[in-house]
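S.K.: Provided below are the primary sequence and the corresponding predicted coordinates.
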Amino acid sequence: MLHAISLGLVLFGLWLLLSGFFTALLLSLGIASVVAVVWIAHRMDVIDHEGHPIHLTFRAILYWQWLLKEIVLANIAIARVIMARKMPIHPTVIGVTATQKTELGHVIYGNSITLTPGTVTIEIDKDNLTVHALTTDAAMDLKTGEMDRRVTNVEAHPDTDNPNPNANTGEHS
Amino acid sequence: MDIALEILSWGLLFVGSAFLVIGGIGVVRLPDVFTRMHGAGIIDTMGVGGVMSGLMIQAGFTIVTIKLALIIGFILYTSPTATHALARAALHGGVRPRGDETPEDESGQGNSSSKT
Amino acid sequence: MGFMAVIGFAVARLRNLFAVVMLTGLFSLTAAVLYVILDAVDVAFTEAAVGAGISTVLMLGTLALTSSEERVEKSGGSKWALVLVVVTGCVLVYGTLDMPPFGDPTAAIHHHVAPYYLEKSGQEIGLPNVVTSVLASYRGYDTLGEVFVIFTAAIGVLLIIGRPQFGRRRSHRMLVGELHESMRTNVILRVGSKLLIPVILLFALYVQWHGDFGPGGGFQAGVIFASGFILYALIFDIDTARTMIPARTTRLFLVFGVLLYTGVGVAGLFLGGNFLDYSVLAANPVSGQHLGILLVEFGVGLTVAAAMISIFFTFAHQEH
Amino acid sequence: MMAAVALAVLVTMALAVFRSIKGPTVYDRILAVNAFGTLTVVLISVYGFLSERPEFLDLALVYALINFIGTIAVSKYVEFSHMGRPTGGDELGDI
């Protein structure tokens, strides 16, 4: 229920952002649309902590800053590889283990890997991720497990659903 | 507009376009489908991100900015999901990644479990 | 344009139908860009939604029903076919010679209805998007016809291949089970789509209701809405999606959309106007027009969405 | 200057088209079409920005959306048909 309400609020915010018209007619149509969508989403059973992860919001923002930096660095590295006359690529397939507790955490980790050029998650099975790396450097970077650690920190504890505020440098193994 | 913002915006646009082209070259040059995904990844992240954020700064704070931000968010969100779907399909379709050093039984496993 | 030529040539050359489908998607995208550059935003919108998205999916559905390799037939008729095509092409090019140059202000179309629409639609209908005014009001009959075409198409598809209870076709049940299995393990796709589907649906409704102001309207919204459902059916399994929206519901909406459109027209008739004359729907002609267009577009959206969903499900049920 | 950006997008599009025609596997084509779709989004955004019509951005958003769904659908289809073909012998006949 909480998720449904927050989904409704988020969707209505999205509506306002998209619309930019604030007439009574459009606002009421917007509310009607949001209600309809929330109802359909409820019937589809897509509203839950996975489909609408509000509990991650704050730490996710911190994580994004780090990820953005990583993406830029990886981009530069891969761009250099592509533009080199003789492309120094060593495609490898490596397996990494995700230490996140929930599937949502695994998904965030997997998508972060894919989003960073040079590594693509090609298969995910529980907490085993199969990753295709373009260069040995990219593979090595991943092997250090820093991203894994950071994603684990983002992840809230699903049983309490109560984010732990000082978990940004926690050791996790 | 602030001159610093102007420079920043053009810089972003330039970097974005450069990365778009580099990604495109990657898509053409790299040897197999898995490696090409990395090229496409460059387009989706740095290329789109650079050009779009350059445009955002140009637009100032209007509804255009918001919509551009939505587009960036949408692409950054969907790109890994789509890439993963494609990679999985390729893996299950029997494309072997080149330079497959560690012996992988992932695809064979996936096939056999689903055949039953 | 160059892209289109290259892609079109490649489409004709390739024998692998799958590749052809992909290239058709590309072709649509290029065409849509062209429409954007020609300022036909509404057309581009439709092309993007229908051409690049839905038709690719449906073509793949067809491929799944048939075979994905085109058999090369050496037939003697190819020379004549070539001649025919060349002649037709020449005739078409000859036809375009008669057309005024692009953007020529003296062209016929700029003298008859276009200036009228452009100048008067503002005060008569009061909508910023002239295209919507033209489609839904001035050319209300044509659009009604189009809605009926979609309606008939959906009915036709349902009649021809949509009778699973009679066909001795191979059951899709087992395959869907497998699909479900593979999807359940694939958390990335599942979680990704869960978050996305509500956003897509809301976006579709946004397009629906803002057709008056920007590009968009019933057709596009219907397609986007349907694509949200199609994504759901792709990620979760088809049976689940089917229980979400039973066939009865889609058919109901299919009919309801058409009836809404016609009903608005008939209401105009009863209130003393002509068929599809919305001015009489409210005290003030402009708001009457507005209301009429809104309702009509909603009818279009319902019909299109329902038609797309039922066609997709019909294909999906037939797969393999 | 904007024209330079548009030109870069067009060049990249040409590269993607090349890849989609050349193949060799269907996955290469899907990848190229997906990239092409993303580039279309960028091109429309740039163009919409140039002509100062924010409604073009809705169009770009639709593109991004359709592109995503299309890629998922095609990948699924390919994966499904490869995996599904060998098991196609089930003539259970219900439904």
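M.R.: Cool, the structure landed.
S.K.: Check the residue nearest to the spatial centre of chain D and give its pLDDT.
M.R.: By C-alpha atoms, centre = their mean, chain D has its centre lying nearest to D:Asn34, at 2.8 Å. At D:Asn34, the predicted lDDT confidence score is 86.
S.K.: what about it, helix or strand, and which?
M.R.: helix D:26-50 (DSSP states H and E).
S.K.: Same question for C:Val93.
M.R.: Using DSSP H and E, the element containing C:Val93 is helix C:78-98.
S.K.: now swap in A:Val93 and tell me
M.R.: Here A:Val93 is assigned to strand A:92-97, by DSSP H and E.
S.K.: Just checking: what are the partner strands of that strand?
M.R.: Partners of strand A:92-97 in the sheet, by DSSP bridges, are strand A:128-133 (antiparallel).
S.K.: Can you point out the buried residues in whatever helix or strand comes next after the strand it pairs with?
M.R.: Per DSSP H and E, the first helix or strand lying C-terminal to strand A:128-133 is helix A:136-143. Within helix A:136-143, the residues that count as buried by 16 or more other C-beta atoms under 10 Å in any protein chain shown are A:137-139, A:141-142. In this view, the C-beta of every residue, glycine as well, is placed from N, C-alpha and C.
S.K.: Serialize these to a markdown table and add fields for distance to chain D.
M.R.: Compiled in a markdown table, the buried residues of helix A:136-143 are given as follows (distance: C-beta to the nearest C-beta, whole Å):
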| residue | distance to chain D |
| --- | --- |
| A:Asp137 | 23 |
| A:Ala138 | 19 |
| A:Ala139 | 21 |
| A:Asp141 | 23 |
| A:Leu142 | 22 |
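S.K.: Among those, which one sits closest to chain C?
M.R.: Closest approach between these and chain C, by C-beta to the nearest C-beta: A:Leu142, at 16.5 Å.
S.K.: I'd like the domain boundaries of chain A, if you could list them.
M.R.: A:2-44, A:57-154 (automatic domain parsing).
S.K.: confidence score at residue 68?
M.R.: Using chain A here. A:Leu68 is given a pLDDT of 86.
S.K.: oops, chain D please
M.R.: Per-residue confidence (pLDDT) for D:Phe68: 84.
S.K.: and if you look at C:Tyr116?
M.R.: Looking at C:Tyr116, the pLDDT reads 58.
S.K.: right, and the helix or strand after the helix or strand of chain C with the lowest mean pLDDT?
M.R.: None of the helices or strands of chain C scores lower by mean pLDDT, DSSP states H and E than helix C:173-185, at a mean of 47. Downstream of helix C:173-185, the first helix or strand assigned by DSSP H and E is helix C:187-209.
S.K.: mind listing what's buried in that next one?
M.R.: Neighbour-count burial for helix C:187-209, counted by 16+ other C-beta under 10 Å, picks out C:187-209.
S.K.: Assess the claim that D:Met60 and D:Leu39 are in contact.
M.R.: No, residue D:60 isn't Met; it's Ala. No: in this structure D:Ala60 lies outside contact range of D:Leu39 using C-beta atoms under 8 Å: 11.1 Å.
S.K.: Looking at chain A, which residue is nearest chain D?
M.R.: A:Leu18 (7.6 Å).
S.K.: and the helix or strand hosting that residue with helix C:187-209, angle?
M.R.: Per DSSP H and E: A:Leu18 is located in helix A:2-19. If you take axes from the mean of the first three to the mean of the last three C-alpha atoms, to 10 degrees, helix A:2-19 sits at 50 degrees to helix C:187-209.
S.K.: Quick check, the residue in chain B closest to chain C?
M.R.: For chain B, C-beta to the nearest C-beta, closest residue to chain C: B:Thr81, 3.8 Å.
S.K.: do stretch B:36-45 and chain C meet at all?
M.R.: No: Stretch B:36-45 does not reach chain C (C-beta under 8 Å from any C-beta of the partner chain); its nearest approach is 14.2 Å.
S.K.: Could you list the buried residues of that stretch?
M.R.: Buried-residue list, stretch B:36-45, by 16+ other C-beta under 10 Å: B:36-45.
S.K.: now those residues as TSV including pLDDT and distance to D:Leu65?
M.R.: Putting the buried residues of stretch B:36-45 into TSV (pLDDT from 0 to 100; distance: C-beta to C-beta, whole Å) gives the following:
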residue	pLDDT	distance to D:Leu65
B:Arg36	84	23
B:Met37	85	21
B:His38	85	24
B:Gly39	84	23
B:Ala40	85	18
B:Gly41	85	20
B:Ile42	86	22
B:Ile43	87	18
B:Asp44	86	15
B:Thr45	86	19
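S.K.: Among the residues you listed, which are located in strands?
M.R.: Among the buried residues of stretch B:36-45, no residue falls in strands (DSSP state E).
S.K.: Pick out the residue of chain C closest to chain A.
M.R.: Distance from chain A to each residue of chain C (C-beta to the nearest C-beta) is smallest for C:Lys194, at 3.3 Å.
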